[in-house]
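In: missing the sequence, but the structure's below:
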């Protein structure tokens, strides 16, 4: 099966390791992975900032780039939600694209969901020595229903224990451009998330979205916590962060 | 009410540094959020009920013309007087006319957010009429000369210690700190007002077309006294509050109180159908219902229509991470939180509330708890689009997004920019991999570090990997 990886702009720029881990996981499960080279961004920053035309241009680009893939998989609930949930509305002005959009949304999966629900992955290459807590990123959780899938996958990692935090479904305060337009409010919300994480006393917080990762890690470090790791589940599952705590 | 939504950022910044507010708001999160979560479990098909409630509200909104006329017919048949007001000023004038006609000098009020919209209290007071709020929360903020910060818990931004101090200063009685005792004290003070008022003003949770009934959902009993004791009762309701039948009301009540306070049912449900009838023990001699547009038909005809489904439970704000941290006042008008971020620009003008639809993470916690499934993040996004269409966004922001969009649609350029940014960022992050002060990005780095990029972009790593394999 031909799986197109939508790397996402933030993974490409900030944490390429997560992209590499995603490829490794998909390949280890027997997928033929293709990474369209011209891909950039799903258009969400424009869509959420009211720049509809700009977002449409990018959505059409994604539509073309992944036309040949059986599945489109992305290590981000946020970008996955953008494609799967919001593209139909965003591209609703183009009736000629309707069938193609429907085909794309039906084939698009968030990585954890794909690994569990489609590939039915039983074994993962990674190992991790320590305790982690899982933060449910908003779009993955509330748009795509990603909740139990990453937890199920993490439970297969030898040496890893999951310990839930008080309010794992509470937003971390990132919100895309919100984080810079309303930095003070965003930081305050992030602070509560950090408190919840710290209260669990885990070695790492694991999650599935780059925006939340940067926000949570940034606030944790500023609060003076140099130690708690902030990891994408793909890195943990692929064994890219196989360092003992 | 005066609109001060343009001061959102300043007021939010103040709110973030107010420890009393922080304390009061953490109570809200514990009580309301946990309460709702528990009480919806009482219904094994809560999600189905939400969907059905949404459809019933949509049905009512699609048939407002018919239902409102039916309401008027039935209410009039029972002896109520129905008035129509197109604007807030008309509401105020109608109420004052009714008051003057009946030589009213003292009014008691049960909570009405629509009354807050029109600035009714101030208007009546300026005309020389004494107005007394009787909902405990409204009473507190009236004494403190504040505006409500929540649609069902107007004084939620105050801690009990602050209220104890306020009562001590205003009542001139020994200072009490026990909430029960404070409530009894307020009740003692309010009692003479209930008994001597000439007129009662209430809002309406719903109007029932089938019976001509106006109904309110309350917990304190003040609403019932307001609607029965004075000789004149005026109910104010927005046009969107009408439902076809009593059965619709009872259906939607299953969601309303659970979503609002986590109660299976509120302490009081007061249904008022006409004034005191022959043989009735109590009730007003006159019952007036003012049905108000004040911007609602405009919303009805727009793509924000779903917002009119709102049944005013407050769940969206209770669950909003932004509201939880800044409280309701920074939103600057009657309705705070997510629903306020939609209704405020819709009612007072997009340009008067620019920050509101943007001051949300779009986490959709509001959307999933809304009992009538208002897609609040989608509506906020629509408002953001309208801001762009009308050229209301700052040019820097627009230029930045334009630049980003151009680069993202030109992959060859995009690759070079990101390649340089990744390297530069890696260097700027130093050995710790943290950028502590991002030039031009202080909104991020004032209170957070920015984790630096790894240094190489994914597409370069992937290309190398491909070559190695080949």
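Out: The structure has been received and is ready for your questions. Nothing here was measured: the structure is a model prediction, and the numbers come from that model. Numbering: from 1, shown residues only, chains lettered A, B, ... in the order given.
In: check contacts around residue B:31.
Out: Going by Cβ atoms under 8 Å, 6 or more residues apart in numbering or on different chains, residue B:31 touches residue B:262. Bear in mind the C-beta positions are built from the backbone N, C-alpha and C, glycine included.
In: OK, contacts around residue B:357?
Out: Residues in contact with residue B:357, defined by Cβ under 8 Å, 6+ apart, are B:341-342, B:345, B:379-381, B:383-384, B:387.
In: again, only using 10 Å
Out: Neighbouring residues of residue B:357 by Cβ atoms under 10 Å, 6 or more residues apart in numbering or on different chains: A:50, B:338, B:341-342, B:344-346, B:350, B:376-377, B:379-387.
In: just checking, which of these belong to helices?
Out: Among those, the residues falling in helices (DSSP state H) are B:338, B:341-342, B:344-346, B:376-377, B:379-387.
In: filter the residues you listed down to the ones close to chain A.
Out: With respect to chain A, and counting by Cβ under 10 Å from any Cβ of the partner chain, the subset of these in contact is B:377, B:380-387.
In: let's have the residues you listed in a markdown table, adding pLDDT.
Out: Compiled in a markdown table, those are given as follows (pLDDT from 0 to 100):
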| residue | pLDDT |
| --- | --- |
| B:377 | 98 |
| B:380 | 98 |
| B:381 | 98 |
| B:382 | 98 |
| B:383 | 98 |
| B:384 | 98 |
| B:385 | 98 |
| B:386 | 98 |
| B:387 | 98 |
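In: tabulate these in TSV, adding columns for neighbour count.
Out: Formatted as TSV, these follow (neighbours: other Cβ atoms under 10 Å in any protein chain shown):
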residue	neighbour count
B:377	25
B:380	24
B:381	23
B:382	19
B:383	23
B:384	24
B:385	20
B:386	17
B:387	20
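In: of the residues you listed, closest to residue B:140?
Out: Within these, distances to residue B:140 taken as Cβ to Cβ reach their minimum at residue B:380, with 30.5 Å.
In: skip the chain neighbours and tell me the closest residue to residue B:176.
Out: residue B:182 (5.1 Å; Cβ to Cβ, 6 or more residues apart in numbering or on different chains).
In: that neighbour: what's it in contact with?
Out: Applying Cβ under 10 Å, 6+ apart, we find residue B:182 in contact with B:136, B:140, B:160, B:163-164, B:166-168, B:171, B:175-176.
In: list just the nearest of the residues you listed to chain A.
Out: Of all the contacts of residue B:182, the one with the least separation from chain A (Cβ to the nearest Cβ) is residue B:160, at 22.5 Å.
In: give me the nearest residue to the closest one, chain neighbours excluded.
Out: Closest residue in space to residue B:160, ignoring its immediate chain neighbours: residue B:179 at 5.6 Å, by Cβ to Cβ, 6+ apart.
In: so the one you found sits against residue B:167, correct?
Out: No. At 11.0 Å, residue B:179 does not count as touching residue B:167 under the criterion of Cβ atoms under 10 Å.
In: settle it for me: which of those two has more neighbours?
Out: Neighbours around residue B:179 and residue B:167, counted as other Cβ atoms under 10 Å in any protein chain shown, are more numerous at residue B:167. The numbers are 22 against 11.
In: show me which of the contacts of residue B:182 are buried.
Out: Neighbour counting with 16 or more other Cβ atoms under 10 Å in any protein chain shown marks B:136, B:140, B:163-164, B:166-168, B:171, B:176 as buried within those.
In: got JSON lines for these, with pLDDT too?
Out: Shown next, in JSON lines, are the buried ones among the contacts of residue B:182 (pLDDT from 0 to 100):
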{"residue": "B:136", "pLDDT": "96"}
{"residue": "B:140", "pLDDT": "97"}
{"residue": "B:163", "pLDDT": "97"}
{"residue": "B:164", "pLDDT": "97"}
{"residue": "B:166", "pLDDT": "97"}
{"residue": "B:167", "pLDDT": "97"}
{"residue": "B:168", "pLDDT": "97"}
{"residue": "B:171", "pLDDT": "95"}
{"residue": "B:176", "pLDDT": "95"}
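In: save those as a markdown table, and put in secondary structure too.
Out: A markdown table is the format used below for those (DSSP: H, G, I helix; E, B strand; the rest coil):
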| residue | secondary structure |
| --- | --- |
| B:136 | helix |
| B:140 | helix |
| B:163 | helix |
| B:164 | helix |
| B:166 | helix |
| B:167 | helix |
| B:168 | helix |
| B:171 | helix |
| B:176 | coil |
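In: can you tell me the closest non-neighbouring residue to the residue nearest the centre of chain A?
Out: When Cα atoms, centre = their mean is applied to chain A, the residue found nearest the centroid is residue A:76 (2.0 Å). Computed as Cβ to Cβ, 6+ apart, the closest residue to residue A:76 that is not its neighbour in sequence is residue A:8, at 4.7 Å.
In: element containing residue B:266?
Out: For residue B:266, there is no host helix or strand (DSSP states H and E).
In: what about it, how many neighbours?
Out: A count of nearby residues for residue B:266, using other Cβ under 10 Å, gives 19.
In: perfect, that will be all.
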